[in-house]
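Trainee: Turn this into a structure:
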Amino acid sequence: MEIAKLSELKKLRHLNVEALNGRAINMMAIWEDGSWHLWFPTADGTLMEMHPVDAAHSAYWGKSAARDEDVWFSLFEILWQRASFPDVVPLIHAIADDFHLMAASAAKLEHFHAHAKDTEGTLVISFVRSELEYILIVARSVFDLTQEALSRCWNNHMVSLDPEAEAIRRRHPLPTSFAKVLYRAKVARTPADLVADYALPPSLAQTYLDYEPFFSRLRELRDGIIHGISRTDGLFVTEKGFCVVPTMRPFSDFPWKAEHYFQREHRLLEAPDSTYRLGHDRRLLGPFVQPR
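Mentor: Down below sits the predicted model:
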């Protein structure tokens with residue numbers, strides 16, 4: 001891999017090279033004034049500027065989105081601007097890759113729905129189930145990857161200005177597992193516990209607990225899928241997208257909102273003996289994905 005000269009990097013006005021302090025630079029593209037800008041280091045350490053026509057799959061810097069559907073992640077902005085230490089960089093890439101994979105699964109759901117009429121019904125539902133379960137598994141991994149990145153920053157690169165807090169930080173390194181930080185003997189700790197145990201700032205300690213209900217349910221789903229206990233049943237094909245029954249597990253604990261429900265005047269399915277009716281209640285089915 002070619003390495004750029006420091007003098008060359010100083011020419012790029014979006015970089016504050018003087019503040020590197022041992023951190024790595026991600027030479028990702030920049031979207032500015034309606035065009036792409038990208039720099040590659042050459043064999044002699046100079047930078048070669050390029051202007052790609054378009055980007056299909058990429059992270060990039062920009063004051064605005066190149067496309068309306070592009071997503072801004074404050075997490076990546078913080079990690080690349082403040083925490084791009086060499087031991088953290090592989091984790092940043094891994095987290096970003098997981099989000100790309102989940103987005104790819106969502107795109108596959110749209111593709112499956114677009115071709116649902118050409119595919120046998122039970123087969124397309126199997127396609128959807130496999131992607132849905134994969135999304136849940138990957139989403140769970142994002143928590144531990146993010147926790148490990150935070151752990152490496154906290155344990156290896158942070159110093160508290162409070163001598164007492166610094167002593168706690170050194171004596172009790174922050175675990176790399178999100179669950180190990182959050183729970184003690186399977187019971188969620190309080191923010192005060194996290195401050196006392198790891199000398200975390202109160203705002204960060206509270207953030208852990210804010211995500212505890214979602215994380216707890218996601219972990220249960222992921223473990224159930226991995227061990228063959230949980231099943232993502234109750235999936236249906238409608239003209240607006242794939243739908244689920246929000247009163248059935250594992251979907252019953254999802255935070256459904258009014259806009260998620262698929263409104264229909266007539267029943268979607270009625271058993272021959274009329275003892276079981278699916279869709280009689282207009283709010284019974286909620287779409288998992290809304291195709292464009």
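Trainee: all helices of the stretch 101-250 of the chain, in order?
Mentor: According to DSSP state H, counting those that start in this stretch, the stretch 101-250 of the chain carries its helices in the segments 121-157, 163-171, 178-182, 191-198, 202-210, 212-226.
Trainee: my read: residue 49 touches residue 36, true?
Mentor: No - counting by CB atoms under 8 Å, residue 49 does not reach residue 36; the two are 10.6 Å apart. No exception for glycine: its C-beta is placed from N, CA and C like everyone else's.
Trainee: neighbour-wise, which of the two wins?
Mentor: Just comparing residue 49 and residue 36: by other CB atoms under 10 Å the higher neighbour count belongs to residue 36, 18 against 10.
Trainee: circling back: for the helices of the stretch 101-250 of the chain, give me CSV that also has mean pLDDT and distance to residue 253.
Mentor: Listed next are the helices of the stretch 101-250 of the chain as CSV, based on pLDDT from 0 to 100; distance: least, CB to CB, whole Å:
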stretch, mean pLDDT, distance to residue 253
helix 121-157, 89, 12
helix 163-171, 95, 35
helix 178-182, 94, 18
helix 191-198, 95, 23
helix 202-210, 94, 17
helix 212-226, 84, 5
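Trainee: Any chance of CSV for the ones you listed, columns mean neighbour count and distance to residue 19?
Mentor: Putting the helices of the stretch 101-250 of the chain into CSV (neighbours: other CB atoms under 10 Å; distance: least, CB to CB, whole Å) gives the following:
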stretch, mean neighbour count, distance to residue 19
helix 121-157, 18, 14
helix 163-171, 13, 23
helix 178-182, 18, 29
helix 191-198, 17, 27
helix 202-210, 14, 23
helix 212-226, 16, 33
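Trainee: Using TSV, please lay out those together with distance to residue 103.
Mentor: Below are those laid out as TSV (distance: least, CB to CB, whole Å):
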stretch	distance to residue 103
helix 121-157	10
helix 163-171	36
helix 178-182	22
helix 191-198	32
helix 202-210	24
helix 212-226	18
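Trainee: Distance-wise, check residue 30 relative to residue 75.
Mentor: From residue 30 across to residue 75, the span is 19 Å (CB to CB, to the nearest Å).
Trainee: I'd like to know how many residues surround residue 86.
Mentor: Counted with other CB under 10 Å, residues neighbouring residue 86 total 10.
Trainee: in terms of contact, does it touch residue 25 like I think?
Mentor: No - counting by CB under 8 Å, residue 86 stays clear of residue 25, with 11.1 Å between them.
Trainee: where in this structure is pLDDT low?
Mentor: Scanning the chain for pLDDT under 70 picks out the ranges 1, 119-121, 227-234, 263-292.
Trainee: got the residue ranges for the strands in it?
Mentor: 29-32, 35-41, 47-50, 60-62, 183-184, 187-188, 235-238, 241-244, 269-270, 277-278, 286-287 (DSSP state E).
Trainee: Provide the strand pairings for the fourth one, with the direction of each partner.
Mentor: Just to be clear, that refers to strand 60-62. strand 29-32 (parallel) (DSSP bridges).
Trainee: Residues in contact with the strand it pairs with: which ones?
Mentor: For strand 29-32, the surrounding residues in contact (CB atoms under 8 Å, 6 or more residues apart in numbering) are 14, 36-38, 52, 55, 58, 60-66.
Trainee: what sits against residue 164?
Mentor: Counting by CB under 8 Å, 6+ apart, residue 164 makes contact with residue 199.
Trainee: what do you get for residue 168?
Mentor: Applying CB under 8 Å, 6+ apart, we find residue 168 in contact with 196-199.
Trainee: What's the separation between it and residue 200?
Mentor: In this view, residue 168 and residue 200 are 9 Å apart by CB to CB.
Trainee: thinking again about what came up before, look at residue 30 and residue 75 and report which has more neighbours.
Mentor: Higher neighbour count among residue 30 and residue 75: residue 30, with 17 against 14, using other CB under 10 Å.
Trainee: just wondering, since we're on residue 23, how far is it from residue 84?
Mentor: 4 Å.
Trainee: What is the end-to-end distance of stretch 201-217?
Mentor: 26 Å (CA to CA, to the nearest Å).
Trainee: And stretch 80-95, by the same measure?
Mentor: The straight-line separation of the ends of stretch 80-95 (CA to CA) is 12 Å.
Trainee: Export stretch 107-117 to CSV, keeping only CA atoms.
Mentor: Only the C-alpha atoms of stretch 107-117 are listed here, as CSV (Å, rounded to 0.1, in the frame of the first residue of the first chain):
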residue,chain,number,x,y,z
ALA,A,107,-32.8,-4.3,-1.2
LYS,A,108,-33.1,-8.0,-1.7
LEU,A,109,-36.5,-7.9,0.0
GLU,A,110,-37.6,-5.2,-2.5
HIS,A,111,-36.3,-7.4,-5.3
PHE,A,112,-38.1,-10.5,-4.0
HIS,A,113,-41.4,-8.5,-3.8
ALA,A,114,-41.0,-7.2,-7.3
HIS,A,115,-40.7,-10.7,-8.6
ALA,A,116,-43.0,-12.4,-6.1
LYS,A,117,-45.6,-13.2,-8.9
